[in-house]
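Trainee: Sequence and predicted structure are below.
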2 protein chains.
Amino acid sequence: MELQPLLDYIGKFIKLTGEEQSALLSAIRVRKYLKGQFVVQEGDICKNESFVLSGCLKTFYIHEGQEHIVMFAVENWWTADLGSFISQTPADFNVQCLENSVLAQIRFEDLQQLYKEIPKLERFFRIIIQNAFVAAHKRVINNLVLPAKERYLDFRERYPQIEQRVPQYMVASYLGITKEFLSKIRNQSVPRK
Amino acid sequence: MELQPLLDYIGKFIKLTGEEQSALLSAIRVRKYLKGQFVVQEGDICKNESFVLSGCLKTFYIHEGQEHIVMFAVENWWTADLGSFISQTPADFNVQCLENSVLAQIRFEDLQQLYKEIPKLERFFRIIIQNAFVAAHKRVINNLVLPAKERYLDFRERYPQIEQRVPQYMVASYLGITKEFLSKIRNQSVPRK
């Protein structure tokens, strides 16, 4: 079943009955996006929380004309402008597909309704928002205190599959360094045979 | 009752029965801190989520020998190194009392137990973590894109009581500007009679 990865993911945190699974799945829409397509656009309200069934996406903002990548997402990750989604205010970020992608999406209003029907989902979303909070917090602190090389090693650990799937200049943007400096760090870090 | 403000606060988000209130209150410890005392110390694991019954606190980190204030808390605010608390890993921040303070605290382990006894609390904490996420996110974005004067006006709106209670150099640290520059902004912003 197309949505099995989503049920498996949720099953790691809470146990849903068959009936609850059906109620949940009836609120999910599966949507296909093409490479380059935007899922969230800065200034719009982020209407969906999206679970990646397949594909790869980046979350970024533009500051003084320059793109800054704050997050990547691949299979089994959630993506959204979470701040915009949970407060239903205009997004600060863009979410754009780097590959053709298939997303399982839940709309804000449907989620509020589901919380009433399946209170266990409160626990699930509490945990994933906590995890997002911890990740966002670590990112801000790491950018402040870690040297670029350690940020790169941290990136490779956090996103083991992504380095092969996205252009190097995007990894550099995520790390807040130039492409040339990333090259230098990689040559130091990756043992050559 | 000393803990009434906490029950009132929680009551804005969820309705607890008398029995649930008792279970919750039995897990809360009220603790008094003196001005200058640390509630959380960088490098330690943040063991409690704290609700301010009275007093005023600052959350800060030290970077290259300099103190950077990320948050203040007064009556009816929660304070913690939330990232440390929810992941039970060493704190990046310090939380220190700027006045003698009385806090209602709940320990991490007791909260996990309470989630089992009172599943409604999942909803409550989902919402307050969401709010913390949105606030932290806005702060990062505002620091990037807003000029200092607008950050100051935003601070005054967010923390209406705090400007009178904390030294100006701390407000300047929170805004990421010098005390002199803050003075200049205030003179422009506050109409004199």
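Mentor: Yep, it's here. Residues are numbered from 1 along each chain as shown, chains lettered A, B, ... in the order given.

Trainee: Specify the beta-bridge partners of the residue most central in space within chain A.
Mentor: In chain A, the C-alpha nearest the mean C-alpha coordinate belongs to residue A:79, at 3.4 Å (Cα atoms, centre = their mean). Going by DSSP bridges, residue A:79 is paired in beta bridges with residue A:50.

Trainee: my guess is it meets residue A:50, correct?
Mentor: Yes: between residue A:79 and residue A:50 there is a contact under Cβ atoms under 8 Å: 5.1 Å. Backbone N, C-alpha and C define where each C-beta goes, glycine included.

Trainee: Just the pLDDT at the residue nearest to the centre of chain A, thanks.
Mentor: You'll see residue A:79 listed with a pLDDT of 95.

Trainee: Please enumerate the shared neighbours of residue A:79 and residue A:50.
Mentor: Both residue A:79 and residue A:50 are contacted by A:39, A:95, A:103, under the criterion Cβ atoms under 8 Å, 6 or more residues apart in numbering or on different chains.

Trainee: Okay, and which of those map to helices?
Mentor: Among the shared contacts of residue A:79 and residue A:50, none falls in helices (DSSP state H).

Trainee: Going by distance to chain B, which of these wins?
Mentor: Nearest to chain B, judged by Cβ to the nearest Cβ, of the shared contacts of residue A:79 and residue A:50 is residue A:95 at 14.5 Å.

Trainee: Please list all residues in contact with that closest one.
Mentor: A:38, A:39, A:40, A:46, A:50, A:57, A:58, A:59, A:73, A:79, A:80, A:81.

Trainee: What is the least confident helix or strand in chain A?
Mentor: Every helix and strand of chain A was ranked by mean pLDDT, DSSP states H and E. The lowest is helix A:120-145, at a mean of 87.

Trainee: For that one, which residues meet the burial criterion?
Mentor: Buried residues in helix A:120-145, counted by 16 or more other Cβ atoms under 10 Å in any protein chain shown: A:120-130, A:132-134, A:136-140, A:142.

Trainee: do stretch A:57-71 as well
Mentor: Those buried within stretch A:57-71 under the rule 16+ other Cβ under 10 Å are A:57, A:58, A:59, A:60, A:61, A:69, A:70, A:71.

Trainee: repeat for stretch A:96-107
Mentor: By 16+ other Cβ under 10 Å, the buried positions in stretch A:96-107 come out as A:96, A:97, A:98, A:101, A:102, A:103, A:104, A:105, A:106.

Trainee: from the residues you listed, which single one is nearest chain B?
Mentor: Out of the buried residues of stretch A:96-107, the member with the shortest distance to chain B (by Cβ to the nearest Cβ) is residue A:106, at 14.9 Å.
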